[in-house]
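[1] next one to model:
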Amino acid sequence: MKNVRFKIFSIVVISVLSWSCNTLEINPVNVLSDDQIYSSSVGVNASLQSMYMQLPIGTFSSHYNGIVTGPYQHLNFGMSSIFIGESQLMPLRASNQNVQLYGQYFQWWNYVSIRYCNLGIQGLKANYDKFGSQKDTYNHWLGEAYFCRAYNYYAMVRSFGGVPIVKSPNSYTAYPDLASLEIPRNTEKEVVDFIASDLDSAMLLMGANELESGRANKYIAANLKARVMLFAACEAKKGLVQLNGLVGIPATDSKDYYKKAYSAAQFAVNNGGKYKLYRKLDNGTYMGKVKNFEQLFIDETSSNTERMLIVKFDAGVGSAHCWDENQRPRGYTQTADPCGELAATMEWVELFDDVDGNPGKLNIGDPTNPVRYSNVVDLFAKAQPRLRASVLLPGVQFPGSSNPADIYEIRKGIYESYPNGKLYTATNFTDKYNGMTIQGKCGIGNVNTADNGFIVWKYQNPSGTGSYWSSYQDWIESRYAEVLLNKAEAAVNIIGETVDGKVVTMQDALDPINDIRSRAGTTPLTTINEAKVINERRCELAFENLIVWDMKRLRMLDEVLQNKTFSSLYPYYVENEGKYIFMKKERTELKYRVDPKDYYAPIPASAIQKNPKLLPNNPGY
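    The predicted structure is shown next:
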């Protein structure tokens, strides 16, 4: 999609230059004035497209060494979920290594993107009179420019804390003394408040409907504001103010930011029915709920009212990614390359309540007395539908297949008898014992397959081919479920406080959570606290590149990750009994480390070289 946007921008440039060359006074052909770009709807839209192109949105191959923003998304083994215990890598990608979420991972420092936004804001304001008959559209454009600037600054402040606030498109050609362009860092609080101001402007100026798919409207801006205000509230509540406020926010500001988050989330809730939870296929049955949550991420029709801000991938414009090829299990792709790259950890799977609202701990017994099951899938008889739609559970019928015998078949091995019989394992997909393939169709034991039964299925297209560059699912950067979760998290922290003339009650936190849990296929909660809200976020928003930032702002890395290992679930067949048993396998070769300094990224050395006033660097660097 983004290569097409560049072509559109190029056409605009050529068209404008062609017009200027037909006048008597010919301007330089390699320079476009603000009037030339911002005096027509074509030029404005081209400018806005360039802003959206540069938004730091991590999609299907978001990588720890930098957000992948190109049109072709390839490998996904650098995604954030592997650094926070959500998922684990296949053996090919991980062996005998420590896992650490370093501060610089997923960071974003880019003032070029911000300059594009500043140029747009300045250019639009200078050409206000050119759009007398398009005031609503003009206002929406200006609101989009504010939104894009806010998004960029949010990506920076969540990584670095305080950064320089630049409001104008400064150019070195206008400054004989380049030192005057060296701007010191603002405090983290000042940056957060600046973002809030930009988003207030965006909410005021934009209309309810986006002008094009993949662009923003007032409710999308409101959800981003709620996201940023929750970040600020947590920074104040759980972080430390250091370097005279360059990092950290005073604790006394926490409640005020929670109130602002609640207000913004409620604004997005009051959207006149434009956005609501996706329930198109939810017919009340178990499998109806499974298919409904699965389709949420691949239904791109207007009936999917949950999608808010999206990144478009489209076969018609040559924009594709490889999520299906990377994530489909062995036997369901068209290549022999690594498949099922990411598999959920057993610990993450057990975050989910079952359909009766009971804790989701898997009933496998222990190695001395494992529970026997006639079929692998029987272990998951009461698994929450949302869980079953988010990951492939061992033994389930393969999604999209109408053949009941077409199951996701995995085994770690076959015992002649348990516990004293011989164990047969394999590293290939052909070895058999008594006519049964040892690994099963999809296997555990080959380095090119997942070392777990829980392959991440979210965003998978059941009708996909599983070949390279054949996936066109859009990436959903924000959706209505997050709006509800943001409202609940803010509410649970300010019960009894007054926001926008209304006293916040426990019900204001419970109702949005239970709306989500109803769709998920589990029971409603009767009481609520912050821990329950965060657990719901971790279940609902997993593998969407959001939870890593939740864990940072909530200062959860030490609790969840420090010196921890995560586990795989191994199914074994016991041949003489005709039963399955399960073993929890601790992935000791993958040990997680946390350094407190990693809650912030270091200011890039290249930036400091250009601007020494960025010093001091963040604590620990």
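[2] quick one: Val290 is in a strand?
    No: read with DSSP: H, G, I helix; E, B strand; the rest coil, Val290 is helix and lies in no strand.
[3] what about Ile495, how many residues nearby?
    By the other CB atoms under 10 Å criterion, the neighbourhood of Ile495 contains 14 residues. No exception for glycine: its C-beta is placed from N, CA and C like everyone else's.
[4] err, Asn209, not the other one
    Burial of Asn209 is recorded as 10 neighbouring residues (other CB under 10 Å).
[5] in terms of pLDDT, where does it sit?
    Note for Asn209: predicted pLDDT of 98.
[6] ok, the one 5 residues further on next?
    pLDDT, the model's per-residue confidence, is 96 for Gly214.
[7] give me the element it is part of.
    Under DSSP states H and E, no helix or strand contains Gly214.
[8] contacting residues for it?
    1, 52, 309-312 (CB atoms under 8 Å, 6 or more residues apart in numbering).
[9] with Val447 instead?
    Contacts of Val447 (CB under 8 Å, 6+ apart): 90-92, 427.
[10] which one of these has the most neighbours?
    Neighbour max across these (other CB under 10 Å) = Met90, 22 neighbours.
[11] kindly indicate which of the contacts of Gly214 lies nearest Trp109.
    Closest approach to Trp109 among the contacts of Gly214 (CB to CB): Tyr52, at 19.2 Å.
[12] helix or strand: which one has that closest one?
    Counting by DSSP H and E, Tyr52 is part of helix 41-53.
[13] got the buried residues for that helix?
    Neighbour-count burial for helix 41-53, counted by 16 or more other CB atoms under 10 Å, picks out 43-53.
[14] what's the answer for stretch 325-338, then?
    325-333, 338.
[15] go on, stretch 186-203?
    186-196, 198-203.
[16] hmm, who's touching it?
    Contacts for stretch 186-203 (CB under 8 Å, 6+ apart): 142-144, 146-147, 149-150, 153-154, 156-157, 161-165, 216, 218, 221-222, 224-225, 228-229, 231-232, 235, 244-250, 253, 257, 260, 264, 267.
[17] for that stretch, list the C-alpha coordinates in CSV.
    Extracted as CSV, the C-alpha positions of stretch 186-203 are listed here (Å, rounded to 0.1, in the frame of the first residue of the first chain):
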residue,chain,number,x,y,z
ASN,A,186,11.4,18.7,27.3
THR,A,187,10.2,16.8,30.4
GLU,A,188,8.2,13.6,30.0
LYS,A,189,5.2,15.4,31.4
GLU,A,190,5.5,18.3,29.0
VAL,A,191,5.6,15.9,26.1
VAL,A,192,2.6,13.9,27.3
ASP,A,193,0.6,17.2,27.8
PHE,A,194,1.6,18.3,24.3
ILE,A,195,0.3,15.0,22.8
ALA,A,196,-2.9,15.5,24.7
SER,A,197,-3.3,19.0,23.3
ASP,A,198,-2.7,17.7,19.7
LEU,A,199,-5.3,15.0,20.2
ASP,A,200,-7.8,17.4,21.7
SER,A,201,-7.4,19.4,18.5
ALA,A,202,-7.8,16.3,16.4
MET,A,203,-11.0,15.3,18.2
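[18] how far out from the middle of the chain is that stretch?
    Offset of stretch 186-203 from its chain centre (CA atoms, centre = their mean, to the nearest Å): 22 Å.
[19] okay, domains of this structure per the record?
    66-93+322-471+557-590, 480-556 (automatic domain parsing).
[20] pLDDT below threshold where in the stretch 1-150 of the chain?
    In the predicted model, the stretch 1-150 of the chain carries pLDDT under 70 at residues 1-32, 62-63, 65-77, 94-97.
[21] if we use 50, what do you get?
    1-25, 68-73 (pLDDT under 50).
[22] all strands for it, in order.
    87-89, 97-100 (DSSP state E, counting those that start in this stretch).
[23] now do the SS call for Met583.
    Per three-state DSSP, Met583 ends up strand.
[24] pLDDT value on it, please?
    97.
[25] again, but for the one 3 residues further on
    The score at Glu586 is 92. That number is its pLDDT.
[26] and what of Glu589?
    Reported pLDDT for Glu589: 81.
[27] roughly how far does it sit from Met346?
    To Met346, Glu589 is 16 Å away according to CB to CB, to the nearest Å.
[28] the two: which has the busier surroundings?
    Remark: of Glu589 and Met346, Met346 carries more neighbours, 24 against 13, as counted by other CB under 10 Å.
[29] residues contacting the more buried one?
    With contact taken as CB under 8 Å, 6+ apart, Met346 is in contact with 362, 452, 454, 566-569, 584.
[30] just the buried subset of those, please.
    For those, buried by 16+ other CB under 10 Å: 362, 452, 454, 566-569.
[31] where is pLDDT lowest across these?
    Minimum pLDDT across those falls on Asn452, with 84.
[32] gap between it and Leu423?
    Applying CB to CB, one obtains 19 Å for the distance of Asn452 from Leu423.
[33] just Leu590 next, same as before
    With CB to CB as the criterion, Leu590 and Leu423 are 23 Å apart.
[34] the more surrounded of those two?
    Set Leu590 next to Leu423 and count neighbours by other CB under 10 Å: Leu590 wins out with 21 against 14.
[35] okay, and the beta partners of that one?
    Beta bridges link Leu590 to Gln97 when assigned by DSSP bridges.
[36] that one contacts Gln100, correct?
    No: using CB atoms under 8 Å, Leu590 is not in contact with Gln100; the gap is 11.0 Å.
[37] picking up where we left off before, which one of the contacts of Gly214 has the most neighbours?
    Result: Leu309 is most packed of the contacts of Gly214 (other CB under 10 Å), 24 neighbours.
[38] tell me the contacts of Ala389?
    Applying CB under 8 Å, 6+ apart to Ala389 gives the contacts 289-294, 457-458.
[39] among the buried residues of stretch 186-203, which are in strands?
    Counting by DSSP state E, the buried residues of stretch 186-203 place none of their members in strands.
[40] how long is stretch 453-462 from one end to the other?
    Stretch 453-462 has its terminal residues 18 Å apart, counting by CA to CA, to the nearest Å.
[41] buried among the contacts of Ala389? Need that as a selection in ChimeraX.
    The buried residues among the contacts of Ala389 can be selected in ChimeraX (16+ other CB under 10 Å) with this line:
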select :289,290,291,292,293,294,457,458
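[42] the host helix or strand of Ala226: how far from the chain's middle?
    Using DSSP H and E, Ala226 sits in helix 218-238. Chain-centre distance of helix 218-238: 15 Å, with CA atoms, centre = their mean.
[43] right, and Val533 touches Ala490 too?
    No: the pair Val533 / Ala490 is not scored as a contact, 9.4 Å apart, by CB under 8 Å.
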